[in-house]
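K.L.:
give me the fold of what follows.
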Amino acid sequence: MKRPPLSPLRTLARYIAFTLLYTWLIGCITPYQPELKSLDQPVLIVDGFITDQPGPYQVGLSYTADYTAKAVNLRATGAKVTVTDDTGAKQDFIEVAAGIYRTPTTYQGQAGRTYKLTITLADGKRYESTAEKLKAAPPIDKVYDEFSQKETASGLDSGFDVFIDTRDSPTPGDYYRWRWTNFEQIIYCGIKTQTVRGVTTETGQSCCQTCWDVITCTGPNCINTLSDEAINGNSISREPIMRVPFTSYGKYYLEIEQLSISREAYLFYKSVENLTVSNGGIFDAAPATVKGNIRSLTNAGEFVFGYFSVSGAQKVPYVVDRLTGKGSPAVKPAVIPPGPLDPCVACVESDYRTRIKPRWWPL
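P.N.:
Residues are numbered from 1 along each chain as shown. Here you go, the predicted structure:
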């Protein structure tokens, strides 16, 4: 039987789900783009967080619309972004790239405090998040990895599965989220392409500053959350964090975060997860559930999507020793070194590149 077409609201909701996943996590990748002819104007998407770990913290502001090569134009630039706690103390976010706002590294959330986000766009529109209390997270007891090889349609997938062990707190009503970040120090911040007599060559252009590539999870399976409803007070064992690719014998540096999130944040992330894997059936979750904790102060009827998360966190470093892998790594082709006269290229702050030294680098 042929499925009926998706309603405009469900189409919008599914679009938001995919957009959130990609713009939150890597920023530069073109996400899934269905047709949205029913939308009269772009919808603001807000993604931000603070924790009780050392900053900086980040808020991303963007709009729904066709994602093309001009996607950077969809970032909301020139906004004033501020977080305020329940004592009235305020901290401004600084715009470090188009639509990307960060706090100073000296600012840090505190367990027991309540926080909310306020946004004033360049056109004067104002927005506010629901206040959330920062609840401390339990420690990560153990991090470990296991090498495995899997047959796939495209060949043999070799990699290292990373797991953590932890323990839920004895009180009921705890909700968790896990995320990871891989940092890789880079030599080249640009690639120069030249074609001479029909032969094209690429050479790397050195970074002007010390620079790291920032790699995070992408795709619909990256929202990793858990409710303690069925395991209250018990151990959480072999919680999967990520799969490290076997592309080198070099060490793979990770920072793993265990977040204690609110029930509202948990329901939001589960809604996004459900919508990305949904097949459009009649028993799907209602699209309205994807709406987060941001509301417009200028127009009460305006749709706003995204979430400002206030989380207790435990962050730990972990290094995967890929020398323990079996067989040969799927080595990526190396970039040819630059010539002596090539100028350096600036390390530009973005979702996927930073000049800020990782917290435990080097271990």
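K.L.:
so where's the protein shaky on pLDDT?
P.N.:
The chain contains residues with pLDDT under 70 at 1-40, 65-73, 218-221, 276-289, 333-341.
K.L.:
can you map out the helices along it?
P.N.:
8-25, 263-277 (DSSP state H).
K.L.:
can you list the buried residues in the last one?
P.N.:
The neighbour-count criterion (16 or more other Cβ atoms under 10 Å) identifies Ala265, Tyr266, Leu267, Phe268, Tyr269, Lys270, Ser271, Val272, Glu273, Leu275, Thr276 as the buried residues of helix 263-277. Just so you know, the C-beta spots here come from the backbone N, C-alpha and C atoms, and that holds for glycine as well.
K.L.:
and stretch 294-310, by the same measure?
P.N.:
Ile294, Arg295, Ser296, Phe303, Val304, Phe305, Gly306, Tyr307, Phe308, Ser309, Val310.
K.L.:
one more: stretch 242-255?
P.N.:
For stretch 242-255, by 16+ other Cβ under 10 Å, it's Met242, Val244, Pro245, Phe246, Tyr252, Tyr253, Leu254, Glu255.
K.L.:
these two touch, right, the last one and Gln314?
P.N.:
It stands for Glu255. No: using Cβ atoms under 8 Å, Glu255 is not in contact with Gln314, being 11.1 Å away.
K.L.:
now the common contact residues for these two.
P.N.:
Listed as contacting both Glu255 and Gln314 by Cβ atoms under 8 Å, 6 or more residues apart in numbering is no residue at all.
K.L.:
ok, so of the buried residues of stretch 294-310, who is nearest Ile100?
P.N.:
Using Cβ to Cβ, the shortest approach to Ile100 within these belongs to Gly306, at 13.8 Å.
K.L.:
just grab the bridge partners of that closest one for me.
P.N.:
On the basis of DSSP bridges, Gly306 is bridged to Val46.
K.L.:
quick check: longest strand of the chain.
P.N.:
strand 175-196 (DSSP state E).
K.L.:
tell me which residues in it are buried?
P.N.:
Residues of strand 175-196 classed as buried by neighbour count (16+ other Cβ under 10 Å): 175-183, 186, 188-190, 192.
K.L.:
packing partners for it?
P.N.:
strand 199-215, strand 224-227, strand 235-245, strand 252-261, helix 263-277 (3 or more Cβ pairs under 8 Å, 6 or more residues apart in numbering; DSSP states H and E).
K.L.:
what pairs with that strand, and is each one parallel or antiparallel?
P.N.:
strand 199-215 (antiparallel), strand 224-227 (antiparallel), strand 252-261 (antiparallel).
K.L.:
which parts of the first one are buried?
P.N.:
Residues of strand 199-215 classed as buried: Thr203, Gly204, Gln205, Ser206, Cys207, Cys211, Trp212, Val214, Ile215 (neighbour count, 16+ other Cβ under 10 Å).
K.L.:
please consider this matter closed, and thank you.
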